[in-house]
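> Could you work out the structure for the sequence below:
(one chain, ligands or ions: 1)
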Amino acid sequence: MINFKEKVSDALSAVIEELSKEEIDNLVETPPSFDMGDYAFPVFRLAKTYKKAPNLIAEDIKEKLGDNEYFEKIENAGPYVNFFVNKEKLLETVYKDIEDKGEMYGSSDMGKGKNVIVEFSSPNIAKPMHIGHIRSTVIGNALYHIFKHLGYNTIAINHLGDYGTQFGMLIAAYKLWGDREAIEKNPIDELLDLYVRYNKLQELDPAARDTARDWFKKLEQGDEEATEIWTWMKQLSIVEFEKVYDMLGIKYDSYKGEAFYSDKMPAVIEEIKEKNIGKMDDGAYIVDLKPYNLTPLIIVKSNGTTTYATRDIAAARYRKKTYDFYKNIYVVASEQNLHFQQWKQVLKLMGDEWADDCIHVNFGLISLKDGALSTRQGRVLKLEDVLNKAIEKTRDIIEKRNPNLENKDEVAKMVGTGAIVFQELFNQRIKDYVFDWDKTLSFEGETGPYAQYTYARCKSLIDKNGGFDPSKVDFDLVKDEAYEILKYVYDLPRTIVMAMEKYEAFYITRNIIDIAKAFNKYYAANQIITDDEKLTNSRLAIVDITQKAIKVGMNLIGVQTPDRM
Ligand code: ARG
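Next comes the predicted model:
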C-alpha cells in the first residue's frame, strides 16, 4: 500500500535541510479532524533556525512544496502545513491491497523467525472456569492472533494450575468417597464437591489433613496411584475447559501446567542458593528484594514445599530453553503485578537478562451489573453458563428480528459469544469494567452484534447483486463519498501493529467500529444498487472493501462473522 505518511516526509525533506527525514517523520501528526487534512506538519522546531514567525515558515514550506501527485491539496494553517491525500490514490491503493490479500490484509513478515509465547486463561484444574477467567482468555487469544498476523511464530500456552496441596486433598477425598462414574459424568461439580467436603472433614479431624499431605507428597514423588488419579482429574478438567475454548474458537499448543515444572525446580533452587541470591529466614528460603522496592520472594517455604513463584521461574527458564522466545507474554490479572515483578527480578539476579522479555500483560477487574447473574448458592458464575446465556438471549432476539433466518442456532452462537468477546475487548485492558447484558447484546452502538450486522449487510448487498464486476469499477465516482470508510480501512494495518506493540487489542475493536459506523453512514446516504451499472459496481467495491476489512479485524480479536443475521 502507498505509505502516505512517508510521502509527506519525502516531500518535506526535499525542501527542509535543517532536519533529517527521520526527524521530520517523527514530527508528522494526524490532525484531530478530517477537515484539517490527513497529515499535519508543525513547524515549531524550525522557528529558531529560520528566525521567523511559525505561520510564515509554514507558508514558506507550503510554497516550496508545490504540487504533489499523492496529495490533492497542501495548505498552511497557522504554524502547520496540512496534507490532504489524493482520494483516488487512497481508494486505489486500499482496494488493490485488500482485494489481493483478503483475510491477510494488514499482515506482515516483521515477526519472521521470532517466537512469541502467549500464555493465557490458565485456570486451576478441578474447579470451574468462571466469569473472571473471560478476560485473560479473550485478551490472550486476540494477542495470539495479532502476533501471528504480523508474522511471528506464536505459541499458545495454558499454564494450568494443576499443582499444590489441594490435589493431595482431592486424591484423599476420592479414595474416601469418590464415585468414578459420577465424576466422569460431571467432573468439575463433583470434584468441587469432593474438595469442599474434604475441607470440612479436615476441620473436624486433623488426621485427614495428614492423609492429604501424604497423598500430595506421594504425588510429588511420582507414586503411581497418586499420579494416575491426578492425571485423570486433569484430563477431565481439560475436556471441560475445552468446551469453553471451542465455543470461543481457541486452540492451545500446550497445556503444560505448574506440575510440569515440579522436577525442574530443584535445579533452580540449587542455583539460587549457589549464587547466594537468597537467605534463610525463619526456616524459609527467601530472596530479599528491598533494593528493588519489592517485598521478599519466598522460594522454599519453611515446611519445605516450593511456591507458585518458584514454578514460574522454572517455567520461564524452560520456555527460554525450549522456544528461545523473542517474547514470553503472560496475560494475567493485575492482582498479580507484584508476583510478576518479584520473580522476574529474581531471574535477573540469577543473570538472565532476558527476564525483560517476559511481559506481564495485566488487566483490571470485571464485575457484574445484573444481579441475577450471581448465583444464589454463592457459587461462582461459570463461564460456560454465561456464554450459553448470551447465546440463548441472542436466539430470542433473532427470533423476533429475523424469524426466517436459516441456521439460527449457528448464528446465535457466533453472535452471542462474539458479543461478549467484543465488549471485553472494547476498552483498554487495565480498566475495570462492568459486564452489562443489555449493552453487550445490543444491535446498535458500539457492540459486536452491530459490527457483525454491518458485515452481514455488506455480504447480502453483494449477493443481492450477484457479486460485482471489478472491470466496471470507476474510482472517480465514489472516491469522495467513500472517503471516511477508506480512511479507517487504510488505518487498520497500522492499528494492528499498534495493538501488537502495546498489547492492546482494543485498538482493533475500535477501528472495526469506526469502519462499521462510517459504512452505515455511507449506506444511509447512498443507494448501493442503482440503475447505473458503473456506479453500482463502484459502490459495491466499497461494500466489498468494508466487508473484508471488518472480517480481518474480527478474525484478529477472535469474533466470528455470520454471512446473514
Ligand atoms: N492459575 C493461576 C490463577 O488462576 C493463573 C496462572 C497465571 N500464570 C502464571 N504463569 N503465573 O490465578
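> Can you list the neighbours in contact with whichever helix or strand Glu72 is part of?
In this assignment (DSSP states H and E), Glu72 forms part of strand 71-77. Counting by Cβ atoms under 8 Å, 6 or more residues apart in numbering, strand 71-77 makes contact with 7-8, 11, 36-37, 55, 58-59, 61-62, 65, 68, 81-87, all of which sit outside it. Using the backbone N, CA and C atoms, a C-beta is placed for each residue, glycine as well.
> if we go to 7 Å?
37, 58-59, 62, 65, 68, 81-87 (Cβ atoms under 7 Å, 6 or more residues apart in numbering).
> Can you tell me which of the residues you listed is nearest Lys382?
Val85 (50.0 Å; Cβ to Cβ).
> Apart from its chain neighbours, what residue comes closest to the closest one?
Asp38 (4.7 Å; Cβ to Cβ, 6 or more residues apart in numbering).
> Enumerate every residue touching that neighbour.
4, 83-85.
> For it, what are phi and psi?
phi -100, psi -30 (degrees, to the nearest 10).
> so Phe4 makes contact with Lys87?
No - if you go by Cβ atoms under 7 Å, Phe4 and Lys87 don't touch, sitting 11.2 Å apart.
> Which helix or strand lies directly C-terminal to the strand or helix carrying Leu176?
Assessed by DSSP H and E, Leu176 sits inside helix 165-177. Per DSSP H and E, the first helix or strand lying C-terminal to helix 165-177 is helix 180-185.
> count of residues packed around the closest residue to the ligand within the chain?
Nearest residue of the chain to the ligand: Gly161, at 3.3 Å (Cβ to the nearest ligand atom). Residues near Gly161, counting by other Cβ atoms under 10 Å, number 18.
> do Thr93 as well
Neighbours of Thr93 (other Cβ under 10 Å): 19.
> likewise Asp288?
14.
> Point out the residues in the protein that sit beside the ligand.
119, 122-124, 159, 161, 312, 330, 332 (Cβ under 6 Å from any ligand atom).
> tell me the least confident of these?
Ranked by pLDDT, those bottom out at Asn124, which has 94.
> roughly how far apart are that residue and Thr93?
Distance from Asn124 to Thr93, counting by Cβ to Cβ, to the nearest Å: 50 Å.
> so what pLDDT did Asp438 get?
Looking at Asp438, its pLDDT reads 85.
> can you tell me the helix or strand for it?
helix 437-441.
> give me every residue that touches the spatially closest residue to Thr305 that is not a sequence neighbour.
Excluding its sequence neighbours, the residue lying closest to Thr305 (Cβ to Cβ, 6+ apart) is Thr165, at 7.5 Å. Applying Cβ under 7 Å, 6+ apart, we find Thr165 in contact with 212-213, 216.
> Let's see which of these end up in helices.
212-213, 216 (DSSP state H).
> my read: Leu381 touches Met129, true?
No - counting by Cβ under 7 Å, Leu381 sits too far from Met129 to count as a contact (10.3 Å).
> neighbour count winner among these two?
Taking neighbours as other Cβ under 10 Å, Leu381 and Met129 compare with Met129 leading, 23 against 17.
> doesn't Leu383 make contact with that one?
Yes - in this structure, Met129 is within contact of Leu383 by Cβ under 7 Å, at 4.5 Å.
> which residues are in contact with both of those two?
Between them, Met129 and Leu383 share the contacting residues Val244, judged by Cβ under 7 Å, 6+ apart.
> hang on, the earlier thing: report the buried residues of the helix holding Leu176.
For helix 165-177, the neighbour count (16 or more other Cβ atoms under 10 Å) marks 165-174 as buried.
> and Asn520, what is it in contact with?
Contacts of Asn520 by Cβ under 7 Å, 6+ apart are Thr454.
> ah, wrong one, I meant Leu91
Per Cβ under 7 Å, 6+ apart, neighbours of Leu91: 475, 479, 482, 486.
> ranges for the strands of the stretch 51-200 of the chain?
71-77, 80-85, 115-119, 153-157 (DSSP state E, counting those that start in this stretch).
> could I get those as CSV with mean neighbour count?
Compiled in CSV, the strands of the stretch 51-200 of the chain are given as follows (neighbours: other Cβ atoms under 10 Å):
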stretch, mean neighbour count
strand 71-77, 18
strand 80-85, 23
strand 115-119, 25
strand 153-157, 21
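> Would you mind telling me which of these is nearest Arg135?
Across the strands of the stretch 51-200 of the chain, closest to Arg135 is strand 115-119 (Cβ to Cβ), at 13.8 Å.
> That closest one to strand 153-157, inter-axis angle?
20 degrees (axes from the mean of the first three to the mean of the last three Cα atoms, to 10 degrees).
> From the chain's centroid, how far away is strand 115-119?
12 Å (Cα atoms, centre = their mean, to the nearest Å).
> So what are the sheet partners of that strand and their directions?
strand 153-157 (parallel), strand 327-331 (parallel) (DSSP bridges).
> Contacts only, for Phe216.
Contacts of Phe216 (Cβ under 7 Å, 6+ apart): 165, 167-168.
> let's go with 6 Å and repeat that
165, 168 (Cβ atoms under 6 Å, 6 or more residues apart in numbering).
> mind checking how far it is from Asn511?
Phe216 is 49 Å from Asn511, by Cβ to Cβ.
> likewise Pro291?
Following Cβ to Cβ, the distance that separates Pro291 from Asn511 is 43 Å.
> who has more neighbours, the two?
More crowded of Pro291 and Asn511, by other Cβ under 10 Å: Asn511, with 26 against 8.
> Skipping adjacent residues, who's closest to the more buried one in space?
Nearest one to Asn511, counting by Cβ to Cβ, 6+ apart, is Thr495 at 4.5 Å.
> Now do the helices in the stretch 201-350 of the chain.
Using DSSP state H, counting those that start in this stretch, the helices found in the stretch 201-350 of the chain span residues 206-220, 224-247, 265-274, 308-323, 337-349.
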